[in-house]
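Participant: Sequence and computational prediction follow.
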Amino acid sequence: MAQRCSRAGASALLVASCLLLAVAGSSAQSILQAIEAANLTLLAAGIRVSGLEATLNSTTGPNITLFAPTDAALLEMTAALNSTPNVLVTLGPKVAPIFAYHAISTPLLAADIPVGDTSRPTLNAGLNLTVSKAANGSVVVRGLGSDANVIRTDILASGSVVHIVDRVLIPFFANVASAAMRTPQLSSLLGAVASNGLAAALSDPNLNVTVFAPINDAFNASSAYLASVNASIVDVLTYHVATSRVVNGSEVTTSPITLSTLNSKANLTVAKDGNNVVVTPLGATTATVIAANIPVGLDLVTGGPRTFVHLVNAVLLPFYTTVANAAQRAGLTTLVAAVQASDPTFLAAVTDPAFRGTILAPSNDAFARTLASLNVTAAQLLADKDNLRRILNAHIIPNAAVFSTQLTNNQTVNTTGGALLNVAISNGVVRFNAAKSSAKVVAADVSVGNGRAVVHVIDRVLLPADLTLPAPYVTVAAAAQAAGLTTLLAAVTASDPAFLTTLTDPDFNGTILAPTNAAFTATLTALNLNASQLLADKANLRRILNAHIITPGAYRSSQLSNNQTVNTLNGVVTVRINGTGVFFAAAKSSAKVVTPDVVAGNAVVHTIDYVLIPADVTLNTGGGGGGAAGIASPSVLTLLSSALAFLALFAFGRN
């Protein structure tokens, strides 16, 4: 400064002026003293409680430049945050990052600021300010969340410089709307927010949310599709706002986090994939976070941001975009595999965003039950292209999204393969009946393409008339009839009606240990009884039949283990497995499994070679028994008449 003055001339007046400036430049006042002298009382109060007082009240500390906001600026800032300076002061050291953001690490006189924009690191580590000087000498300081005009320059404090500014420079955005407004990549988002009446909500400084903000390219890529399905833009926009705050990094791991959104109809999932954070919506396209942790608002408890904005590279859709998208999200892996293995037209249909229709989608369990009952493996079915095509065609109702509210009892619907399905509705339960099987809807009205298509998940595979595979058993009674278990059917008919209800219920979930005709013969002989005596003894017959029913739980042989105990409707049976087979042991007899794993609807039937006698049966057990071969036949007339009565009442086919 003295050198500049000496070059200016030798007049006495100029020399005197230079001496005065030199004295002022060597002032020993601290920065804090300088701002107090400038009547910046609110700033001074904030510095004193922030933990920065020792640094800014020193005359020997590092030389810096401080852009000092006026009292009016601090009042404006706190009002925008729905707060007051007094509340800000109560935060103490938590407000230090705000004041540190006003200081750059080198002293900078106004005359030394170059024309144009210069980025300067601040004492808030990692954050810069842009100092912009116009040709006319005016200076604007641009921060992350606000800009300020320099209204007074060059207040010297030891080796530091203070410039007074008319706004507070905040190291965060005041609200979500401000974040969008000040981020050029979010101009499309800002326009959508404004045109759909959401600007006021996103201008609230008290929001405590996470916003996944699609960049302009993402909006441009999805705009035509959104228009084609007549999507609600409000639903789409609110789907990008999670109702809890998520910080990229410590709070996001490879384990997916499910987030509720302001669109109450759909959630988001967030997880790390390598170095990326991926957001998974209902729609087919996932989004990657390309800029994370943009801070919004001030939490008046923690001093940190209230909200975080993460820029993403795709628009998140709150509805499934294709049938394949819905099937994959629902975990219908067997159906997806079947479609991929079949005619390419199926894959084209389920992956087409323009597809219109209704899909009846069997669950994985539905496929497993059908495969077991058909006695074929998944590989065999997938290789049988003709039958697979017939089956899949029976699950597609073309050209219309038929929601459950549009279905009526006894309605007939056409499928793409020409097969007719009958709709049966009872007590709110919807069934679709095909020629060789029926299925219950277990998850209805899964909307695809904003209602362009719909998926109903069903509990069985629908088998049309032209299928050349044998139809599965739908009920235990159907399986028993097909196996020729006439004595068991006669016993059921003669006993409590509840047994008949169980055996004819397609939704019954359980395991039936079904004695063969020879098993009944052997047991009756051992008990020194004939069939008519047993059928007439209702109490003991009920106890015996209950000992053969395990519910709930359809236990296949692969799920049984040696010494396992399972509860029947009448007592416990113990599983014995050895080199000769699988046995069930009751209190007074045991039986060997003859034919395992006969699937019947939701149940499994194992035929056994002896009748299980529980502890509470009071029959004469005579010679005991268990696993003995039949010696004498019971009354054939009694068995035949009972079986005929059963069949006359209930005509059970294989379907």
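Facilitator: Here it is on my side, so go on.
Participant: where's residue 480 relative to residue 504, distance?
Facilitator: In this structure, residue 480 and residue 504 are separated by 10 Å, where distance is defined by CB to CB, to the nearest Å. For the C-beta atoms, the positions are set from N, CA and C on the backbone; glycine is no exception.
Participant: These two: which is more packed in?
Facilitator: Under the neighbour definition other CB atoms under 10 Å, residue 480 and residue 504 were set side by side, and residue 480 has more, 25 against 18.
Participant: I'd say that one and residue 515 touch.
Facilitator: No. Here residue 480 does not reach residue 515: they are 10.4 Å apart, not a contact under CB atoms under 8 Å.
Participant: Quick check: neighbours shared by the two?
Facilitator: Residues touching both residue 480 and residue 515 by CB atoms under 8 Å, 6 or more residues apart in numbering: residue 488.
Participant: What are the buried residues along stretch 124-144?
Facilitator: If you call a residue buried by 16 or more other CB atoms under 10 Å, then stretch 124-144 has these buried ones: 124, 127, 128, 129, 131, 132, 133, 139, 141, 142, 143, 144.
Participant: what's near enough to touch the last one?
Facilitator: With contacts taken as CB under 8 Å, 6+ apart, residue 144 has the following neighbours: 127, 170, 171, 172, 173, 182, 295.
Participant: what's the answer for residue 34, then?
Facilitator: Per CB under 8 Å, 6+ apart, neighbours of residue 34: 155, 156, 157, 162.
Participant: Dump those into TSV; add secondary structure as well.
Facilitator: Converted to TSV, the contacts of residue 34 look like this (DSSP: H, G, I helix; E, B strand; the rest coil):
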residue	secondary structure
155	strand
156	strand
157	strand
162	strand
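Participant: Which of those are buried? Put it as a ChimeraX command.
Facilitator: ChimeraX command restricting those to the buried ones, with burial defined by 16+ other CB under 10 Å:
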select :155,156,157,162
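Participant: Identify the farthest-apart pair in the contacts of residue 34.
Facilitator: Maximum pairwise distance among the contacts of residue 34 (CB to CB): 7.7 Å, between 156 and 162.
Participant: ranges for the helices of the stretch 451-600 of the chain?
Facilitator: Secondary structure of the stretch 451-600 of the chain (DSSP state H, counting those that start in this stretch): helices at 476-482, 486-494, 497-503, 517-527, 531-536, 538-546.
Participant: on contacts alone, who are the packing partners of the second one?
Facilitator: Pointing back at helix 486-494 there. Counting by 3 or more CB pairs under 8 Å, 6 or more residues apart in numbering; DSSP states H and E, the packing neighbours recorded for helix 486-494 are helix 476-482, helix 497-503, strand 511-515, helix 517-527, helix 531-536, helix 538-546, helix 636-649.
Participant: What of the third one?
Facilitator: The helices and strands touching helix 497-503, judged by 3+ CB pairs under 8 Å, 6+ apart, are helix 476-482, helix 486-494.
Participant: Would you mind putting the CA coordinates of the last one into PDB?
Facilitator: Taking only C-alpha atoms (Å, rounded to 0.1, in the frame of the first residue of the first chain), the coordinates of helix 486-494 have been written out as PDB:
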ATOM      1  CA  THR A 486     -62.900 -97.000  -1.600                       C
ATOM      2  CA  THR A 487     -62.800 -98.100   2.000                       C
ATOM      3  CA  LEU A 488     -61.400 -94.800   3.100                       C
ATOM      4  CA  LEU A 489     -64.100 -93.000   1.200                       C
ATOM      5  CA  ALA A 490     -66.700 -95.200   2.700                       C
ATOM      6  CA  ALA A 491     -65.400 -94.500   6.200                       C
ATOM      7  CA  VAL A 492     -65.400 -90.700   5.500                       C
ATOM      8  CA  THR A 493     -69.000 -90.900   4.200                       C
ATOM      9  CA  ALA A 494     -70.200 -92.800   7.200                       C
END
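Participant: Helix 538-546 and that one, what's the angle between them?
Facilitator: Helix 486-494 and helix 538-546 meet at an angle of 130 degrees, taking axes from the mean of the first three to the mean of the last three CA atoms, to 10 degrees as the criterion.
Participant: Of the contacts of residue 144, which belong to strands?
Facilitator: Of the contacts of residue 144, the ones assigned to strands by DSSP state E are residue 295.
Participant: And the contacts of residue 144, which is closest to residue 62?
Facilitator: Top of the list for closeness to residue 62, among the contacts of residue 144 and by CB to CB, is residue 127 at 17.5 Å.
Participant: hang on, the closest one packs against residue 171?
Facilitator: Yes. Shown here, residue 127 and residue 171 form a contact pair, counting by CB under 8 Å, at 5.4 Å.
Participant: overlap in contacts of these two?
Facilitator: Both residue 127 and residue 171 are contacted by 101, 144, under the criterion CB under 8 Å, 6+ apart.
Participant: Figure out the length between the terminal residues of stretch 302-322.
Facilitator: In terms of CA to CA, to the nearest Å, the two terminal residues of stretch 302-322 are separated by 44 Å.
Participant: got it, and stretch 318-327?
Facilitator: When the end residues of stretch 318-327 are compared by CA to CA, they are separated by 15 Å.
Participant: swap in stretch 601-619?
Facilitator: Across stretch 601-619, the straight-line distance between its terminal residues is 34 Å, by CA to CA.
Participant: how far is it from where the chain is centred?
Facilitator: Using CA atoms, centre = their mean, to the nearest Å, the mean C-alpha position of stretch 601-619 is found 43 Å from that of the whole chain.
Participant: Okay, buried residues for that stretch please.
Facilitator: 601-614, 617, 619.
Participant: What of stretch 547-562?
Facilitator: Judged by neighbour count using 16+ other CB under 10 Å, the buried positions of stretch 547-562 are 547, 548, 549, 550, 554, 555, 560.
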